[in-house]
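[1] here is a sequence with its predicted model. Questions after.
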Amino acid sequence: MRISFPYPEIDPLEIPDKNLIGLFSPSTMKVDKSEEEIIKEALIHPIGSPPLSQRLKGREKVLVLVDDYTRTTPTQKILPLLMEELIRTGIHKERIQILVALGTHRPMTEEEMRKKFGEEFLKEFPVMNHCWWDSSQLVSLGETEKGTPILVNRIIHEVDFIIGVGQIVPHRVSGFSGGGNIIQPGICGEETTGKTHWLAAKFRGQDILGKIENPVKDEIEQVALKAGLQWIINTIQDGTGRTVDVVAGDPLLAYRKGAERSLQVYRAVIPVEADIVIADSHPYDSDLWLAAKGIYASELAVKEGGLVILITPCPEGVSPSHPEVLKFGYQTYKDTEEMIQKGSIQKWTVAAHLVHVGRVIKERAKGMMVSKGISKRDTERLGFIYAKDPKEALEVGFRLLGREAKITVLQRGGEILPQISSSR
């Protein structure tokens, strides 16, 4: 079977039919309504909350948090409708602030802002990047019950109502994105984000990824509620990227309803674990910090002792915001914990990322990478086997695991949620 990848610079791959378990991707859903109609319906019929027209009575200053360039949320369609609603309820335009919830990603460029929000929108409403790296921009709200320090953008003290706009997809740290994630990691300091991510690193991927209820999401929601998140608008997009559902309203209840719908879209039932899993990183392709999502998904589909092959462009390299990833390379949980204790690794966010990937390519299986954006030297330094193209990668895989090795291919590997049918 001929397998194509969503990257023009990467050649297709022929996989013998006898080896192929299957080609899997998120579902494509049939929806009769336009995306705008779906968004409007969600605003009119919120979950667990009165409509905004009632919630905003007596409020004057609104903060709208939006996800960044790494997410495919249809912000250009949501925000004009949301602004209309806010102004109609009596909020003055100049008292609406919009903040990009970067987490610990790099700031959005002007071009990325135009692409995500639209030029006309930006002329009317200024949009700011969250400066997670600048401690003077953060305020402390104490700690969670588990002791996670809550450091959040100080803008929360300048407003009296906070709305989060994002999407809900499977997520290695929090089970699913969306809901409280727009606050943590969205507008928190790195110390807060590091602690929640390290908590996730203590669990295997199958114990967190795609789990609506889990200890990390609980911690994230504690931070979000303490910071004052009162309302969300979250989209669910299908395997083509089209919005098929939107949930709005209470940050906890609406999120859970949306996560159930997201599970229906992104879950791909696979008959058996594979010797070799080939995954692209789409749509999280800009750097390896994001592209690693394809590795996380593969953990749920690969046999112990197998091989994961990541196909990804990574035009920005390993991670512009976290150069320590290349310095240390991917590690086991035990080795990373030792480096933390010795003081070698200072950032908990980096430590968690090293473990999330290391659990797959160091503990469960081997890892191989095909990327035009990361050199052979850096690929190997990270702990991957290097291959110049998918054909070479598969040939090396056959040499390692035999010509009879069974292969699973994951498309939209950054979002898909594999589930082995025997574990349902």
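    That came in fine, so what should we check first?

[2] just the strands from the stretch 51-200 of the chain, written as ranges.
    Under the criterion DSSP state E, counting those that start in this stretch, the stretch 51-200 of the chain contains strands at 62-66, 96-100, 127-129, 138-143, 149-153, 161-167, 170-171, 175-176.

[3] tell me the most buried of those strands?
    Most buried of these by mean neighbour count (mean count of other C-beta atoms under 10 Å) is strand 175-176; its value is a mean of 28. Using the backbone N, CA and C atoms, a C-beta is placed for each residue, glycine as well.

[4] could you report the neighbour count for residue 376?
    Residues lying near residue 376 (other C-beta atoms under 10 Å) number 13.

[5] ditto for the one 4 residues further on
    By the measure other C-beta under 10 Å, the count of residues near residue 380 is 13.

[6] on that earlier part again, format the strands of the stretch 51-200 of the chain as TSV; extra columns: distance to residue 396.
    Below are these laid out as TSV (distance: least, C-beta to C-beta, whole Å):
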stretch	distance to residue 396
strand 62-66	42
strand 96-100	40
strand 127-129	41
strand 138-143	46
strand 149-153	45
strand 161-167	36
strand 170-171	29
strand 175-176	34
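
[7] could you check the pLDDT of the residue most central in space within the chain?
    With distances taken as C-alpha atoms, centre = their mean, the residue of the chain nearest its centroid is residue 171 (5.4 Å). In this model, residue 171 is scored at 97, pLDDT.

[8] that one against residue 177, yeah?
    Yes - using C-beta atoms under 8 Å, residue 171 is in contact with residue 177, at 4.4 Å.

[9] residues in contact with residue 143?
    149-150 (C-beta atoms under 8 Å, 6 or more residues apart in numbering).

[10] and it, what pLDDT?
    Here, the pLDDT recorded for residue 143 equals 97.

[11] same check, this time on residue 422
    72.

[12] helices along the stretch 101-250 of the chain, start to end?
    110-117, 119-124, 190-201, 205-208, 215-227 (DSSP state H, counting those that start in this stretch).

[13] export those as a markdown table, with columns for mean neighbour count, distance to residue 376 and mean pLDDT.
    Shown next, in a markdown table, are the helices of the stretch 101-250 of the chain (neighbours: other C-beta atoms under 10 Å; distance: least, C-beta to C-beta, whole Å; pLDDT from 0 to 100):
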| stretch | mean neighbour count | distance to residue 376 | mean pLDDT |
| --- | --- | --- | --- |
| helix 110-117 | 15 | 30 | 96 |
| helix 119-124 | 12 | 41 | 95 |
| helix 190-201 | 24 | 28 | 97 |
| helix 205-208 | 18 | 27 | 96 |
| helix 215-227 | 22 | 35 | 98 |
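
[14] break the protein into its domains for me.
    Following automatic domain parsing, one finds the domains of the chain at 35-266, 271-423.

[15] export the ones you listed to a markdown table and tack on distance to residue 28?
    Below are these laid out as a markdown table (distance: least, C-beta to C-beta, whole Å):
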| stretch | distance to residue 28 |
| --- | --- |
| domain 35-266 | 5 |
| domain 271-423 | 11 |
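
[16] out of those, nearest to residue 5?
    domain 271-423 (5.3 Å; C-beta to C-beta).

[17] mind checking how far the closest one is from the chain centre?
    Centre-to-centre, domain 271-423 and its host chain are 16 Å apart (C-alpha atoms, centre = their mean, to the nearest Å).

[18] show me where pLDDT drops low in the protein?
    The model of the chain has pLDDT under 70 over residues 423-424.

[19] make it 80
    422-424 (pLDDT under 80).

[20] re the thing from before, the residue nearest to the centre of the chain pairs with what?
    residue 175 (DSSP bridges).

[21] what's near enough to touch it?
    Contacts of residue 171 (C-beta under 8 Å, 6+ apart): 177, 181, 209.
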